[in-house]
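Student: Test case, fold it:
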Amino acid sequence: MTVQLLSPPVELHRLISAALRDNALADLIRTAPDEAYSAYQVPAWQQELLVADLGDAMNRIGVHPNLRFKFLALRGLLKLQSASVAPFLESLGGKNGSYR
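Tutor: Okay, here's the model as predicted:
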């Protein structure tokens, strides 16, 4: 079942954006997410979805894809492999940091 939204989840978007600038809020999202949700007035139905599978919940809620990555990172759940663009840039012939 997909939840149809008339507008983006403004409260959750505001919370994620604020937590990126506020270390205490970011810590609260990791340690006591319910308190952070309440402080930013995230609707109860969204809070209920966020208790289970976060990926599915954010899809159903309609969280912007960019903010999904940031939220998962804030929660300590984003698992990405480290990658370097250096080999690609070197293949373009760049030397000493100059890639034109």
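Student: Can you give the contact residues for the longest helix along the chain?
Tutor: Using DSSP state H to define each element, the chain has its longest helix at helix 10-21. Applying C-beta atoms under 8 Å, 6 or more residues apart in numbering, the contact partners of helix 10-21 are 25-26, 28-29, 36-37, 39-43, 46, 61, 63-64, 67, 70-71, 74. Glycine gets a C-beta too; all of them are placed from N, C-alpha and C.
Student: Show me how to select, in PyMOL, the buried members of the residues you listed.
Tutor: Buried subset of the contacts of helix 10-21, written as a PyMOL selection, criterion 16 or more other C-beta atoms under 10 Å:
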select buried, resi 25+26+28+29+36+37+40+42+46+61+63+64+67+70+71+74
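Student: out of the contacts of helix 10-21, which are inside helices?
Tutor: Members of those lying in helices (criterion: DSSP H): 25-26, 28-29, 36-37, 39, 46, 61, 67, 70-71, 74.
Student: and which of these is nearest residue 55?
Tutor: Looking at the ones in helices among the contacts of helix 10-21 and their distance to residue 55, the nearest is residue 71, at 10.2 Å (C-beta to C-beta).
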